[in-house]
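J.: sequence? don't have it. structure:
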């Protein structure tokens with residue numbers, strides 16, 4: 001049986017969350033690590049968008065399916081197998097609610113996060129303002145996690161939507177990781193204990209270690 005091919009970039013948050021969902025679904029794939037400054041022809045043949053992730057299912061020359069949006073890769077993987085019920089299949093309102101939240105963060109939070117990263121990188125004088133724009137969303141997550149932790153009264157990490165992991169957690173994880181890395185010292189001292197516990201839980205997990213495995217840049221000639 002031919003494994004699906006995943007064109008990926010190790011630290012790209014979109015590719016990262018696709019790999020996390022594939023891991024959660026126990027879906028084996030052939031990972032092709034790419035250099036976006038030298039995109040392989042095979043990748044561009046699969047999707048002219050030329051961005052990662054790109055999932056190619058079936059015969060590479062005549063694929064049965066090509067998926068080139070990270071959230072769609074996640075949904076495809078979990079539709080094949082969802083042992084942790086991340087999609088909440090028995091709750092008809094859960095998935096639309098999760099997708100709405102993910103879309104809002106992908107659109108609004110990611111835009112503000114990009115501005116925050118640029119302000120830090122180029123030493124702009126609006127760094128604090130950019131961070132505070134991101135914090136509106138961080139405070140929302142802190143509140144949700146705080147409610148769940150209060151319900152459970154436990155030291156174990158809780159999750160965003162309930163006391164169980166969901167699609168929202170793994171979809172937002174790579175972007176919250178990016179936020180935490182912009183100003184590491186500030187983040188460590190920030191007033192978001194539940195979010196920090198949630199993120200630490202993931203970053204120290206076996207799952208995260210596996211999805212962050214380093215691959216050599218794929219070369220079709222080898």
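T.: Cool, the structure landed. This structure is a prediction, so every number in the text was calculated from the model and none was measured.

J.: check contacts around residue 77.
T.: 18, 21, 22, 24, 25, 27 (Cβ atoms under 8 Å, 6 or more residues apart in numbering). C-beta coordinates here come from the backbone N, C-alpha and C atoms, glycine included.

J.: rerun at 10 Å
T.: Applying Cβ atoms under 10 Å, 6 or more residues apart in numbering to residue 77 gives the contacts 4, 6, 18-27, 29, 55, 67, 86.

J.: any idea how far it is from residue 23?
T.: Here the criterion is Cβ to Cβ, to the nearest Å. By it, residue 77 lies 9 Å from residue 23.

J.: Find residues that contact each of these two.
T.: residue 29.

J.: picking that back up, which of the contacts of residue 77 has the most neighbours?
T.: Highest neighbour count within the contacts of residue 77: residue 18, with 32 neighbours (other Cβ atoms under 10 Å).

J.: Make sure that residue is actually in contact with residue 51.
T.: No: under the criterion of Cβ atoms under 10 Å, residue 18 is not in contact with residue 51, lying 11.6 Å apart.

J.: what residues do the two have in common as contacts?
T.: Common contacts of residue 18 and residue 51, defined by Cβ under 10 Å, 6+ apart, comprise 7, 12, 69, 70.

J.: Assess the claim that the first one and residue 33 are in contact.
T.: Yes: under the criterion of Cβ under 10 Å, residue 7 makes contact with residue 33 at 8.4 Å.

J.: Looking at the two, which one has more neighbours?
T.: For the pair residue 7 and residue 33, the greater number of neighbours falls to residue 7 (27 against 18), based on other Cβ under 10 Å.

J.: Make sure the more buried one is indeed in a strand.
T.: Yes: Residue 7: assigned to a strand according to DSSP: H, G, I helix; E, B strand; the rest coil.

J.: ok, it to residue 42 distance?
T.: Applying Cβ to Cβ, the value for residue 7 to residue 42 is 8 Å.

J.: Can I get the shared contacts of residue 18 and residue 51 in TSV including distance to residue 181 and pLDDT?
T.: Below are the shared contacts of residue 18 and residue 51 laid out as TSV (distance: Cβ to Cβ, whole Å; pLDDT from 0 to 100):
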residue	distance to residue 181	pLDDT
7	24	98
12	14	98
69	24	98
70	19	98
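
J.: Identify, from these, the entry nearest to residue 105.
T.: Relative to residue 105, the closest of these is residue 70; by Cβ to Cβ it sits at 12.6 Å.

J.: in which helix or strand would I find the closest residue to the closest one other than its chain neighbours?
T.: In space, and not counting its chain neighbours, residue 70 is closest to residue 14: 3.8 Å by Cβ to Cβ, 6 or more residues apart in numbering. Element membership for residue 14 (DSSP states H and E) is helix 13-24.
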